[in-house]
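[1] whatever this is, show me its structure:
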Amino acid sequence: MGMPSMPELLIVLAIVVLLFGAKKIPELAKGMGKGIKEFKGAMKEGEEDEVKEIAKKEETKVEEKVEEKKSENA
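    Residues are numbered from 1 along each chain as shown. Okay, here's the model as predicted:
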């Protein structure tokens with residue numbers, strides 16, 4: 001099952017136009033675009049939160065090792 005050919009795409013486009021009408025298609029595309037943009041933003045935000053959490057854990061580990069070395073040297 002590969003990529004649809006041009007005639008298949010035209011048939012699908014014709015069905016979409018018949019179902020929704022030519023005036024609704026730009027609104028549907030705009031809505032889909034907003035949805036995709038929000039999804040990407042949420043994914044990016046989730047990744048940033050995860051990175052911050054990991055960095056905080058590593059910072060705590062480093063601080064503990066620094067305190068440990070200070071107590072050894074004192």
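[2] contacts and neighbour counts: CA atoms only from here.
    OK.
[3] secondary structure element for E64, which one?
    Here E64 is covered by helix 24-73, with elements defined by DSSP states H and E.
[4] skip the chain neighbours and tell me the closest residue to V17.
    Closest residue to V17 apart from its sequence neighbours, by Cα to Cα, 6 or more residues apart in numbering: I25 at 7.4 Å.
[5] am I right that that neighbour is in contact with L19?
    No. Using Cα atoms under 8 Å, I25 is not in contact with L19, being 9.8 Å away.
[6] same drill for those two, tell me which one is more crowded.
    Remark: of I25 and L19, I25 carries more neighbours, 14 against 11, as counted by other Cα atoms under 10 Å.
[7] looking at the chain, which helix or strand is least sure?
    The helix or strand of the chain with the poorest confidence is helix 24-73; it has a mean of 86 (mean pLDDT, DSSP states H and E).
[8] so what's the gap between that helix and the chain middle?
    12 Å (Cα atoms, centre = their mean, to the nearest Å).
[9] if we can go back for a sec, separation between the residue nearest to V17 and K40?
    23 Å (Cα to Cα, to the nearest Å).
[10] and for A14?
    A14 sits 30 Å away from K40, going by Cα to Cα.
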